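1. Need a 3D model of the sequence below.
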Amino acid sequence: MSYYYSFSFLVLSMLASATMISASDSSSYTSSAFIQAASPNNSITKSVIKTKAGRIIAGRQVAGVHPSFGQDGVTLFAKKKKDTTVGKGGKVQVKLVKHVAGTGQAGDIIMVAPAFFTNKLQKTGSAIRITDEEVAKEAEKQASHEKELKANASDVKHKLEEMKFSITKKAGPDGHLFGGVGMKLIMTELKKEFPQGCLDGKQVKITQIKDGDGKKLQHDIKEVGAYSLTISLLKGVAANLDLSVMAKE
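-> The predicted structure follows:
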């Protein structure tokens, strides 16, 4: 009998211990439905950007991730490149590609009203917009070209001043020419002495002719004799050439 009671007491004790352990585990358990999701490593910040036109573009920027893009493909927070074709007063900088009466010549860089550019110059293909950077590049290119032209002009000047140049023309016994010798004829004969195109520039021209006494002629050469010519080759470059006009036998 005592054995029976002892065994019953042992079983009850074991059941009580099991119940206490179960209660302890239950009190420390939290359903996964109440576990807060872990925050991502990347921090997310909301941002807005105001365009030049005054529009607000919403976007977001995530640390460690490429920034999102706003309207017109502008990266948020990226510094927008300045439009150097727009000057003070809202005028735009343009380059004329052909002559426009009352406005300028081809190659001129001018500032005009946007409406004038859009409604006239652009529609007629008379001008294009040009940035300050492009203007600087063109100026550098032009300076290099002018340097080359000046070097060529100086070389031609040296050759002109060293050469002996003469023109023969029918003349009477008194030395009076049958037909004068004008600037056009002189340039035609000079070009025969130089490579083709060497004296074809717009600025290449005879600016004055003097007789043997140093008197400037106001007309064609009409007498045989010695003359001096001044020939402009380029702005700032001129050659002095001696010309001998002889009677043709």
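2. any idea how far residue 226 lies from residue 237?
-> Note on residue 226: its distance to residue 237, by C-beta to C-beta, to the nearest Å, is 24 Å. In this view, the C-beta of every residue, glycine as well, is placed from N, C-alpha and C.
3. more crowded one of those two?
-> Ranked by neighbour count (other C-beta atoms under 10 Å), residue 226 and residue 237 place residue 237 first, with 17 against 13.
4. and the more buried one, what does it touch?
-> Residues near residue 237 by C-beta atoms under 8 Å, 6 or more residues apart in numbering: 150, 153-154, 157.
5. In the lengthiest helix in the chain, which residues are buried?
-> The longest helix of the chain (DSSP state H) is helix 132-162. Judged by neighbour count using 16 or more other C-beta atoms under 10 Å, the buried positions of helix 132-162 are 134, 149, 153, 156-157, 160.
6. what are the bridge partners for residue 168, then?
-> Going by DSSP bridges, residue 168 is paired in beta bridges with residue 246.
7. And for it, the neighbour number?
-> Around residue 168 sit 14 other residues, with neighbours defined as other C-beta under 10 Å.
8. now it: how far from residue 100?
-> Distance from residue 168 to residue 100, by C-beta to C-beta: 49 Å.
9. Can you give the contact residues for stretch 172-186?
-> By C-beta under 8 Å, 6+ apart, stretch 172-186 touches 167, 169-171, 205-206, 209, 219-225, 229, 243, 245, 247.
10. ok, of the residues you listed, which come out buried?
-> For these, buried by 16+ other C-beta under 10 Å: 167, 169, 171, 206, 209, 221-222, 224, 229, 243, 245.
11. Could you tell me the per-residue confidence at residue 203?
-> Confidence at residue 203, expressed as pLDDT, is 88.
12. any weak-confidence spans in this protein?
-> 1-89 (pLDDT under 70).
13. if we can go back for a sec, tabulate the contacts of residue 237 (a markdown table), appending distance to residue 92.
-> Formatted as a markdown table, these follow (distance: C-beta to C-beta, whole Å):
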| residue | distance to residue 92 |
| --- | --- |
| 150 | 34 |
| 153 | 37 |
| 154 | 40 |
| 157 | 43 |
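14. Need the max-distance pair from the residues you listed.
-> 150 and 157 (10.3 Å; C-beta to C-beta).
15. the helices in this protein, which residues?
-> Using DSSP H, helices in the chain cover 2-28, 114-116, 132-162, 183-191.
16. thinking residue 165 is in contact with residue 192, fair?
-> No. Contact criterion C-beta atoms under 8 Å: residue 165 and residue 192 do not qualify, at 10.4 Å.
17. more crowded one of these two?
-> Counted by other C-beta under 10 Å, residue 165 and residue 192 do not tie: residue 165 has more neighbours, with 15 against 8.
18. who's in contact with that one?
-> Contacts of residue 165 (C-beta under 8 Å, 6+ apart): 189-190, 193, 241-244.
19. now residue 163
-> 193, 241 are the contacts of residue 163 under C-beta under 8 Å, 6+ apart.
20. As CSV, the buried residues of helix 132-162 with distance to residue 122 would be great.
-> Formatted as CSV, the buried residues of helix 132-162 follow (distance: C-beta to C-beta, whole Å):
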residue, distance to residue 122
134, 17
149, 32
153, 38
156, 42
157, 44
160, 46
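21. Please identify which of the residues you listed is nearest to residue 91.
-> residue 134 (16.9 Å).
22. From residue 217, how far out is that closest one?
-> Residue 134 is 48 Å from residue 217, by C-beta to C-beta.
23. Same check on residue 175?
-> 16 Å.
24. Okay, residue 175 and residue 99: tell me how far apart.
-> As judged by C-beta to C-beta, residue 175 and residue 99 stand 48 Å apart.
25. do the same with residue 112
-> Going from residue 112 to residue 99 by C-beta to C-beta gives 15 Å.
26. For the two, indicate the residue with more neighbours.
-> More neighbours surround residue 112 than the other of residue 112 and residue 99, with 20 against 12 (other C-beta under 10 Å).
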